[in-house]
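Chemist: predicted model and sequence follow; I will ask about them next.
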Amino acid sequence: MVKKEFKAESKRLLDLMINSIYTHKEIFLRELISNSSDAIDKLYYKALTDENISFNKEDYYIKVSADKENRLLKITDTGIGMTKDELEENLGVIANSGSFAFKRENELKDGYDIIGQFGVGFYSAFMVADNVTVLTKAFGSDNGYKWESSGAEGYTVEEFDKDSVGTEIVLKLKENTEDENYDDFLEEYRLRSIVKKYSDFVRYPIKMDIEKSVPKEGSEDEYTEVVQEEVVNSMVPMWRKNKNELTKEDYDNFYAEKHYGFDKPLKHIHISADGAVRYNAILYIPEKTPYDFYTKEYEKGLELYSSGVLIMNKCSDLVPDYFSFVKGMVDSEDLSLNISRELLQHDRQLKIIAKRIKEKIKNELQLMLKNDRENYEKFFESFGRQLKYGVYSDFGQHKETLQDLLLFYSSSEEKVVSLAEYVERMKEDQKYIYYAAGESVARIDKMPQTELLKDKGYEILYFTDDVDEFAVRMLMNYQDKEFKSVSSGDLGIEDTTTEEEKTQENESKEIFVLMKEVLMGKVKDVRISKRLKNHPVCLTADGELSIEMEKILAAMPNNQEIKAERVLEVNPNHEVFNKLKDSFESDKDKFKLYTEVLYNQALLIEGLTLSDPVEFANNICKLIS
Ligand SMILES: Nc1ncnc2c1ncn2[C@@H]1O[C@H](COP(=O)(O)OP(=O)(O)OP(=O)(O)O)[C@@H](O)[C@H]1O
């Protein structure tokens, strides 16, 4: 027998292959099973075009079996097999793909499921094996052949007596090393889990001999070990099934089986696209926030399949960050994969799919908001914050996509409402969308700054999430209505100050000047308030940064101590103001004391910390005594 050498380039390529193309050794099984599936497919396609060939699906299968004693792993198939020439062409020349050629030749008849395209997958066997033997008999041929190789040195081909058409690949596993336990690839549980992981939806049965405990005949409590052949893959991918044939339960089961989450999904979205890019997808909107969702550890992404074979566990390019809660999978035969099938090349098709998926999710969420409010609110409770981050991130690029999906608690409705609902309810004379930011609904309810607006019957949106105000600053307006904080300098309400009040304001000017002096460095200004009714004072802010935003920034790890421009507003109609006026005339020390106490009180109401709580307590004591 003459030993033939691989061509020089092939040697180098093989070395590269074995050492660097794949990151996970277990991939070899996926590659060999995919080859077997392609081989059966080829027979199937032949049968489609040749009436002399019958294809009885039950006769076709792939079998994975381990011989622990001899450290052999076998992958057997009942596919088309290879002739001597094909063996030479396909397994003797690296990067020659018989499958790719087959697909090209049969293009007119659709090469739908054929997986192979690069002509390298087979050699991944050498990642785990020292020696690989291929026993094969081609369809329509009388002779079988044996191809054998121990790697880069070359291969031999000789005739071999084989009964049935098909191929058997025998791997002699490498010796265990410190880093790698190759014996693992002989264990039933490990093989089974690799098959499940990558090849679950290969459409022919993948069989394995499974060891089982069964009750002994005639006995109820005695068991005996038997070996039974079982099909270990699911075969028909759920996403290729007709939507009408599937029930909600089917989708829920798939969600659980795939470990997308422990909850039940709120909604599933099944896409079968047949346009410029062909793909199928099953997406889920979960109900509950995963425990790590709002942490750095959370990894977004969808499972990516190419013709039913798993390529990537979490393909992050398929979903934008603001929809990172979406779980599920995409399968497409139109992707440009790289040689290891672990990565995608700067893929145009993938971009198109991602764009379509994004739009579909948005539309489905919008429909849910419209037609299934209860569930939408549950969803928003879990993931609304992520949508708001989305509005804020990337300089507001996604605000158009997301603004109609937002919900905020409303002062008048006492439940969450959408921006569209708010605008529809706006009073005729109301120019702005008002909001109040604070720690909780209960706290905002008591904010002095909201008094006048509530009195006028204006609805106020309550912002209780850190991100709310930042997001809305990015939005700027909704349906041409600007957002306005209840604490902003100008509330945009028509000035209804009477002449009498104007005189009073003028007379009080000196009082405010002195108050400002007392509070030097603490506030930018002290002013008469047009928004207070029952409270004596409140804090507001001039400029871009609100007091709530200042608090949020201060809580961040690398806070830069950015301060809002604080303004102390005083209610001229409150009894306390008369006291202030009296003390201004008669007792400047008392005036100072009142000013300090009122300022600190405003700080407390805002939930800000006092710079000197002891002094504040002493001042109160002074007032009491
Ligand atoms: N079990 C098999 N039965 C029949 N032909 C096979 C089998 N395994 C491999 N072949 C042939 O050998 C060729 C090379 O296989 P290899 O796995 O290296 O590449 P591929 O499957 O074509 O492409 P890829 O690198 O994308 O997997 C295949 O195209 C196919 O023609």
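Modeler: Arrived safely, thanks for sending. All values reported here derive from a predicted model rather than from experimental measurement.
Chemist: end to end, how far does stretch 421-441 reach?
Modeler: Across stretch 421-441, the terminal residues are separated by 19 Å (C-alpha to C-alpha, to the nearest Å).
Chemist: my bad, stretch 88-102
Modeler: OK, stretch 88-102 end separation, C-alpha to C-alpha: 16 Å.
Chemist: so for it, what gets flagged as buried?
Modeler: Residues 88, 89, 90, 91, 92, 94, 96, 97, 98, 99, 100, 102 are the ones in stretch 88-102 that count as buried (16 or more other C-beta atoms under 10 Å). C-beta coordinates here come from the backbone N, C-alpha and C atoms, glycine included.
Chemist: got it, and stretch 603-621?
Modeler: Using 16+ other C-beta under 10 Å as the test for burial, stretch 603-621 gives 603, 605, 606, 608, 616, 619.
Chemist: just the CA atoms of it, as PDB, please.
Modeler: Extracted in PDB, the C-alpha atoms of stretch 603-621 (Å, rounded to 0.1, in the frame of the first residue of the first chain):
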ATOM      1  CA  LEU A 603     -33.300  70.500  52.500                       C
ATOM      2  CA  LEU A 604     -35.000  67.800  54.600                       C
ATOM      3  CA  ILE A 605     -38.100  67.900  52.500                       C
ATOM      4  CA  GLU A 606     -36.000  67.400  49.400                       C
ATOM      5  CA  GLY A 607     -34.400  64.400  51.100                       C
ATOM      6  CA  LEU A 608     -31.000  66.100  51.100                       C
ATOM      7  CA  THR A 609     -28.500  65.800  54.000                       C
ATOM      8  CA  LEU A 610     -27.900  68.700  56.400                       C
ATOM      9  CA  SER A 611     -24.300  69.900  56.500                       C
ATOM     10  CA  ASP A 612     -24.600  70.400  60.200                       C
ATOM     11  CA  PRO A 613     -27.500  68.500  61.900                       C
ATOM     12  CA  VAL A 614     -26.300  69.500  65.400                       C
ATOM     13  CA  GLU A 615     -26.600  73.200  64.600                       C
ATOM     14  CA  PHE A 616     -30.000  72.600  63.100                       C
ATOM     15  CA  ALA A 617     -31.100  70.800  66.300                       C
ATOM     16  CA  ASN A 618     -29.700  73.600  68.400                       C
ATOM     17  CA  ASN A 619     -31.500  76.200  66.300                       C
ATOM     18  CA  ILE A 620     -34.800  74.400  66.800                       C
ATOM     19  CA  CYS A 621     -34.200  74.400  70.600                       C
END
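Chemist: could you pull up the mean pLDDT of it?
Modeler: Mean per-residue pLDDT for stretch 603-621: 90.
Chemist: now do it: distance to the chain's middle.
Modeler: 45 Å (C-alpha atoms, centre = their mean, to the nearest Å).
Chemist: just to revisit the earlier point, where is pLDDT lowest across the buried residues of stretch 88-102?
Modeler: The lowest pLDDT within those belongs to residue 94, with 65.
Chemist: the ligand contacts on this protein?
Modeler: 31, 35-36, 39, 77, 79-82, 90-91, 97-100, 116-123, 167 (C-beta under 6 Å from any ligand atom).
Chemist: all the strands of the stretch 501-625 of the chain, residue numbers only.
Modeler: 525-528, 537-542, 565-570 (DSSP state E, counting those that start in this stretch).
Chemist: would you turn those into CSV with mean neighbour count and distance to residue 187?
Modeler: Formatted as CSV, these follow (neighbours: other C-beta atoms under 10 Å; distance: least, C-beta to C-beta, whole Å):
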stretch, mean neighbour count, distance to residue 187
strand 525-528, 19, 76
strand 537-542, 22, 66
strand 565-570, 22, 68
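Chemist: for these, which one sits closest to residue 214?
Modeler: Checking the strands of the stretch 501-625 of the chain against residue 214 by C-beta to C-beta gives strand 537-542 as the closest, at 75.6 Å.
Chemist: which neighbouring elements make contact with the closest one?
Modeler: Strand 537-542 sits against helix 547-554, strand 565-570, helix 588-606, with contacts defined as 3 or more C-beta pairs under 8 Å, 6 or more residues apart in numbering; DSSP states H and E.
Chemist: mind checking how far it is from the chain centre?
Modeler: How far strand 537-542 lies from its chain's middle: 40 Å, per C-alpha atoms, centre = their mean.
Chemist: next, the angle from it to strand 565-570.
Modeler: Going by axes from the mean of the first three to the mean of the last three C-alpha atoms, to 10 degrees, strand 537-542 is angled at 150 degrees with respect to strand 565-570.
Chemist: now strand 537-542 against helix 547-554, angle please.
Modeler: 70 degrees.
Chemist: tally of neighbours for residue 180?
Modeler: Using other C-beta atoms under 10 Å, residue 180 has 14 neighbouring residues.
Chemist: likewise the one 4 residues further on?
Modeler: Look at residue 184: counted by other C-beta under 10 Å, it has 16 neighbours.
Chemist: neighbours of the closest residue to residue 144 other than its chain neighbours, how many?
Modeler: Closest residue to residue 144 apart from its sequence neighbours, by C-beta to C-beta, 6 or more residues apart in numbering: residue 162 at 3.0 Å. Counted with other C-beta under 10 Å, the neighbours of residue 162 add up to 18.
Chemist: phi, psi of residue 162?
Modeler: As for residue 162, its main-chain torsions (degrees, to the nearest 10) stand at phi -130, psi 130.
Chemist: need the contact list for it.
Modeler: With contacts defined as C-beta atoms under 8 Å, 6 or more residues apart in numbering, residue 162 is in contact with 135, 136, 137, 144.
Chemist: A strand includes the first one, no?
Modeler: It refers to residue 135. Yes: assessed with DSSP: H, G, I helix; E, B strand; the rest coil, residue 135 lies in a strand.
Chemist: so who does it touch?
Modeler: 144, 145, 146, 160, 162, 167, 168, 170.
Chemist: could you identify which of those has the most neighbours?
Modeler: Compared across the contacts of residue 135, residue 167 has the highest neighbour count, 27 neighbours, by other C-beta under 10 Å.
Chemist: just the mean pLDDT for the host helix or strand of that residue, thanks.
Modeler: Here residue 167 sits within strand 166-173, counting by DSSP states H and E. The predicted model assigns strand 166-173 a mean pLDDT of 98.
Chemist: hmm, back to that, now the residue nearest to residue 144: how far from the ligand?
Modeler: Distance of residue 162 to the ligand, given as C-beta to the nearest ligand atom, to the nearest Å: 13 Å.
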